[in-house]
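1. Provide a 3D model corresponding to the input given below.
(one chain, ligands or ions: 1)
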Amino acid sequence: MLSYRHGFHAGSAADVFKHSVLVFCLEYLRGKDKPFLYIDTHAGAGWYPLDTGTGSRGWERGIGRLGGLGPEAPSLLRRYGSLCGMPLDGPLDGSLDGSLPCRYPGSPAIAAKLLRAGDRGACFELHPADFAALEGALGGDRRFSLRHEDGLTGLKSLLPPLCRRALVLIDPAYEDAAEYQALPAALEEALRRFPAGVYLVWYPLLGPGAPGSRRRTGDDGGLGEILMALNGGNRCRVELHTAPVGSPGLYGSGLALYNPPWTLKPELEAALPVLARLLGGGETGWDLDWRVQ
Ligand code: SAM
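-> So this is what the prediction gives:
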């Protein structure tokens, strides 16, 4: 079953949250003069038009709310905004003729902007139409290998990387109940093969009535807790609430990171209250569990 199309959600609150952390992690890896491998297990199409008129226009409650922050913008958001082609100054009225870009970069397009000549990218995408779009976007970029394969299964074949440095983004659509078991298993195996990698996993926060809420494994607080319990390495869990906790449907999303850059914590602490205020849950609508020695 592959009915999820990320184009309907491009630039949403979840994308703003996930991609601002992704940009930070990629820039952190670029800080060292050694190549790294970027692995995207669920890559999507690469680029998305923001003016389709047919989508859910998730961007209106996401990147569309970041305009006008000006000099107050925390650096995490400033870097993300500038990478998306949307400097965070000037008023934004939510219309596409403001400072909002007319197309939005998904995770592989963000990586393509930030990988250096010696870095490499490997992107998995199963949906035939999104894979074709991804080939159109990145097929000519010799730094990338594009795979029309299952990313959770294929991940282990790339680890450990020859260059001994990697950032792995795991960003499923959670359409299939089996992913709630397959993801922790794949991550555990990846960490066993390559414990030094930086891993970034996105997961939804679902209240009653959401299609995926019955799919949570265990009764210990959901996937975020399960991922935190996988092993005792340096890791963190950060959640952003776009509606009150436990609201019906999707009330926010979380990121679990293994080996997060140590400089990420103050960046998150500055950005999360701003993100929570702008994207819905009020200034206290976030949670950070930092377990880094
Ligand atoms: N990472 C993208 C971004 O940030 O721009 C968004 C990815 S979207 C949430 C999830 C994508 O995974 C969809 O395009 C879907 O077709 C694809 N997909 C679903 N199951 C997959 C699998 N087992 N392996 C690889 N891709 C898969």
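
2. contact residues of the stretch 101-250 of the chain facing the ligand?
-> The stretch 101-250 of the chain comes close to the ligand at residues 106-107, 124-127, 130, 150-152, 171-173, as judged by Cβ under 6 Å from any ligand atom. In short, each C-beta sits where N, CA and C put it, glycine included.

3. tell me the residue of the stretch 101-250 of the chain that sits nearest the ligand?
-> Closest residue of the stretch 101-250 of the chain to the ligand, Cβ to the nearest ligand atom: Gly106 (2.7 Å).

4. show me the contacts for Ala13.
-> Gly58, Arg61, Gly62, Leu240, Thr242, Ser253, Leu275, Leu279, Gly280 (Cβ atoms under 8 Å, 6 or more residues apart in numbering).

5. swap that for Glu179, please
-> Leu152, Pro172.

6. His148 reaches His127, doesn't it?
-> No: in this structure, His148 is not within contact of His127 by Cβ atoms under 8 Å, at 9.1 Å.

7. so how many other residues sit close to the spatially closest residue to Pro35 that is not a sequence neighbour?
-> Computed as Cβ to Cβ, 6 or more residues apart in numbering, the closest residue to Pro35 that is not its neighbour in sequence is Gly118, at 4.1 Å. Neighbourhood size, Gly118 [other Cβ atoms under 10 Å]: 11.

8. do Cys102 as well
-> The number of residues packed near Cys102 is 10, by other Cβ under 10 Å.

9. quick check: phi and psi at it.
-> When read as degrees, to the nearest 10, the backbone of Cys102 gives phi -90, psi -10.

10. strands along the stretch 1-150 of the chain, start to end?
-> Using DSSP state E, counting those that start in this stretch, the strands of the stretch 1-150 of the chain run over 37-40, 47-49, 103-105, 120-124, 144-147.

11. tell me which of these sits most buried.
-> Looking across the strands of the stretch 1-150 of the chain with neighbours counted as mean count of other Cβ atoms under 10 Å, the highest average goes to strand 37-40: a mean of 26.

12. where does pLDDT dip in the stretch 101-250 of the chain?
-> Low-confidence segments of the stretch 101-250 of the chain, defined by pLDDT under 70: 209-221.

13. one more time with 50
-> Scanning the stretch 101-250 of the chain with the threshold set as pLDDT under 50 gives 214-221.

14. how many neighbouring residues does the residue nearest to the residue of the stretch 101-250 of the chain closest to the ligand when sequence neighbours are not counted have?
-> Excluding the flanking residues, the one nearest Gly106 by Cβ to Cβ, 6+ apart is Gly44, at 4.6 Å. Number of residues near Gly44 (other Cβ under 10 Å) recorded here: 27.

15. number of nearby residues for Arg192?
-> Arg192 has 12 nearby residues by other Cβ under 10 Å.

16. report the contact partners of it.
-> Arg192 neighbours (Cβ under 8 Å, 6+ apart): none.

17. swap in Asn234?
-> The contact partners of Asn234, by Cβ under 8 Å, 6+ apart, come to Tyr258, Asn259, Pro260, Arg291, Val292, Gln293.

18. regarding the nearest residue to the fourth one once chain neighbours are set aside, what are the backbone dihedral angles?
-> To tie it back to what came earlier, the one meant is Arg291. Nearest non-adjacent residue to Arg291, counting by Cβ to Cβ, 6+ apart: Arg235, 5.3 Å away. Arg235 has phi and psi values of phi -160, psi 160 when expressed as degrees, to the nearest 10.

19. can you pull the contacts of the closest residue to Gly282 other than its chain neighbours?
-> Excluding the flanking residues, the one nearest Gly282 by Cβ to Cβ, 6+ apart is Ala276, at 6.2 Å. With contact taken as Cβ under 8 Å, 6+ apart, Ala276 is in contact with Leu240, His241, Gly282, Glu283, Thr284, Gly285, Trp286.

20. quick one: the helices in the chain, in order.
-> Assigned by DSSP state H, the chain shows helices spanning 13-30, 75-83, 107-114, 128-138, 151-154, 179-193, 223-228, 264-279.

21. okay then, goodbye and thanks.
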